[in-house]
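Colleague: I would like to see how this sequence folds:
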Amino acid sequence: MKLLSTTGLGLATAMAAGLVSSANAETELTMYYPIAVGGSLTEVVDGIVADFEAENPDINVTAI
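Modeller: Presented below is the predicted three-dimensional model:
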């Protein structure tokens with residue numbers, strides 16, 4: 001599970017870095033789950049998103 005967390009955060013960071021050339025404006029990202037998820041996996045992804053947003057306050061991620 002730790003690999004999933006690290007990989008997911010790295011992927012989110014890479015996506016954000018590619019989309020954001022300047023951190024001057026707030027950016028909205030929408031992340032779509034590839035399959036229907038729920039339960040503990042949703043909690044893991046929510047934690048990854050929260051950590052990412054804490055490190056990048058100008059980026060808001062919505063996981064759908």
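
Colleague: for this structure, what spans make up the strands?
Modeller: Per DSSP state E, the chain carries strands over the ranges 27-31, 59-63.

Colleague: Make JSON lines from those strands and add mean neighbour count to it.
Modeller: C-beta: built from backbone N, CA, C; applies to glycine. Below are the strands of the chain laid out as JSON lines (neighbours: other C-beta atoms under 10 Å):
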{"stretch": "strand 27-31", "mean neighbour count": "13"}
{"stretch": "strand 59-63", "mean neighbour count": "15"}
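
Colleague: of all those strands, which lies closest to T42?
Modeller: In terms of C-beta to C-beta, the element of the strands of the chain nearest to T42 is strand 59-63, at 8.1 Å.

Colleague: Rebuild the strands of the chain as TSV, extending it with mean pLDDT and distance to G38.
Modeller: As requested, these are exported to TSV (pLDDT from 0 to 100; distance: least, C-beta to C-beta, whole Å):
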stretch	mean pLDDT	distance to G38
strand 27-31	95	16
strand 59-63	95	12
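
Colleague: Distance to V37 for those - can I get that in TSV?
Modeller: Below are the strands of the chain laid out as TSV (distance: least, C-beta to C-beta, whole Å):
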stretch	distance to V37
strand 27-31	12
strand 59-63	9
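
Colleague: Nearest to S40 among the ones you listed would be which one?
Modeller: Relative to S40, the nearest member of the strands of the chain by C-beta to C-beta is strand 59-63, separated by 14.5 Å.

Colleague: Next, the angle strand 27-31 makes with that closest one.
Modeller: Here strand 59-63 points in a direction 20 degrees away from that of strand 27-31 (axes from the mean of the first three to the mean of the last three C-alpha atoms, to 10 degrees).

Colleague: Give me the sheet partners of strand 59-63 and which way each runs.
Modeller: With DSSP bridges as the test, strand 59-63 is paired with strand 27-31 (parallel).
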